[in-house]
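Q: my questions concern the predicted model and sequence given below.
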Amino acid sequence: MTTDKEKLELARVVNKTQHLLHHAFLRGVFSVLDAHNLPVLTPAQVHMVMTVRQQREVTLKQLASALHVKAPAASAMVERLVEMGILTREENPTDRREVLVKVSAKDESHMQAMERRHLQFAMELIDKIGMKDARLWAGLCRRIGAALAQEENL
């Protein structure tokens with residue numbers, strides 16, 4: 001029988017590992033920024049840019065919702081990233097009241113470089129833990145992703 005104490009210990013392991021993974025991925029992002037002589041972004045800005053890139057284009061309202069922030073906060077962050085030339089804002093042709101946010105064309109190649117660095121890091125980690133454990137890990141990630149997606153749709 002599983003106890004709350006055991007669950008808490010497992011939660012600590014998961015939390016610590018997630019934290020280590022997050023920082024390792026951020027190191028990869030910052031190495032790409034440095035290599036391309038790009039401005040240093042905060043982790044929140046990196047998260048915003050990656051969220052926008054993942055969805056290709058989003059409204060400010062959708063972006064604020066995805067980031068779990070209020071629309072004015074998302075708008076201020078977007079504005080700063082537009083000033084840096086990383087994101088673009090344009091009027092939605094189907095609803096002129098909405099603003100669409102996209103990754104700028106010039107920075108898309110940098111985003112691709114970041115994605116390649118993330119995948120390279122993941123492949124290096126897979127080499128370290130072995131294919132058997134990597135397959136188990138990927139299976140767990142799929143299950144966790146499905147559980148989180150289901151929770152988001154509630």
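A: All right, it came through fine.

Q: by contact count, what packs against the lengthiest strand in the chain?
A: Criterion DSSP state E: the longest strand present in the chain is strand 95-103. Packing partners of strand 95-103 (3 or more Cβ pairs under 8 Å, 6 or more residues apart in numbering; DSSP states H and E): helix 43-55, strand 57-59, helix 60-67, strand 87-92. C-beta: built from backbone N, CA, C; applies to glycine.

Q: report the contact partners of residue 45.
A: 77, 80, 81 (Cβ atoms under 8 Å, 6 or more residues apart in numbering).

Q: coming back round to it: looking at the helices and strands packed on strand 95-103, which is nearest to residue 150?
A: Residue 150 sits nearest to helix 60-67 of all those, at 16.6 Å, using Cβ to Cβ.

Q: contacts for that closest one?
A: 47-48, 51-52, 55, 58, 70-71, 73-75, 78, 98-99, 101.

Q: same check, this time on stretch 71-81
A: By Cβ under 8 Å, 6+ apart, stretch 71-81 touches 44-45, 48-49, 60-61, 63-64, 67, 69, 87, 89, 101.
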